[in-house]
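**Student:** Just a sequence and a predicted model for now, questions to come.
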Amino acid sequence: MAMEKVRKTGKDYRKEWREIQRSQKSLKAHVQQRLTDLVRKYPEMPLPDVVRNEWFDGMSAYGMIGYIEKIEEWSEERQGVRQLKME
């Protein structure tokens with residue numbers, strides 16, 4: 001007996017879309033908190049004013065992640081310590 005593939009309805013897609021949006025908001029909040037922590041931890045790090053003053057509302061999560069990576073690299077170079085990388 002062949003199994004019929006059940007097609008998703010508009011309601012199914014809407015529910016899935018909302019779940020994805022919630023996940024994105026949560027991830028962005030975590031990323032923003034990490035960036036805030038790093039900016040405060042390393043006040044001597046040369047950063048643009050928008051980052052230094054924590055004006056993150058208009059910034060994409062992808063952009064914030066880029067700054068996190070730059071700050072972490074800068075910190076590693078200054079301290080001579082390598083952070084364990086998750087793979």
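**Tutor:** That came through fine.
**Student:** check contacts around the most centrally placed residue in the chain.
**Tutor:** By Cα atoms, centre = their mean, the mean C-alpha position of the chain lies nearest to V31, the distance being 3.7 Å. Taking Cβ atoms under 8 Å, 6 or more residues apart in numbering, we find V31 in contact with 61, 64-65, 68. Any C-beta I mention is one placed from the backbone N, CA and C, and that applies to glycine too.
**Student:** Find the helix or strand that it is a member of.
**Tutor:** According to DSSP states H and E, V31 maps onto helix 10-41.
**Student:** And for V51?
**Tutor:** Here V51 is covered by helix 49-52, with elements defined by DSSP H and E.
**Student:** same for the lowest-mean-pLDDT helix or strand in the chain, what does it pack against?
**Tutor:** Using mean pLDDT, DSSP states H and E, helix 49-52 stands out as the lowest-scoring helix or strand of the chain, at a mean of 87. Under the contact criterion of 3 or more Cβ pairs under 8 Å, 6 or more residues apart in numbering; DSSP states H and E, helix 49-52 touches helix 10-41.
**Student:** Could you give me the buried positions within the helix it packs on?
**Tutor:** Across helix 10-41, burial judged by 16 or more other Cβ atoms under 10 Å covers 28, 31-32, 34-35, 38-39.
**Student:** returning to what we had before: what's next to the helix holding V51, contact-wise?
**Tutor:** Residues outside helix 49-52 that contact it (Cβ under 8 Å, 6+ apart): 35, 39, 55, 59, 67.
**Student:** residues contacting the last one?
**Tutor:** Counting by Cβ under 8 Å, 6+ apart, Y67 makes contact with 35, 47, 51.
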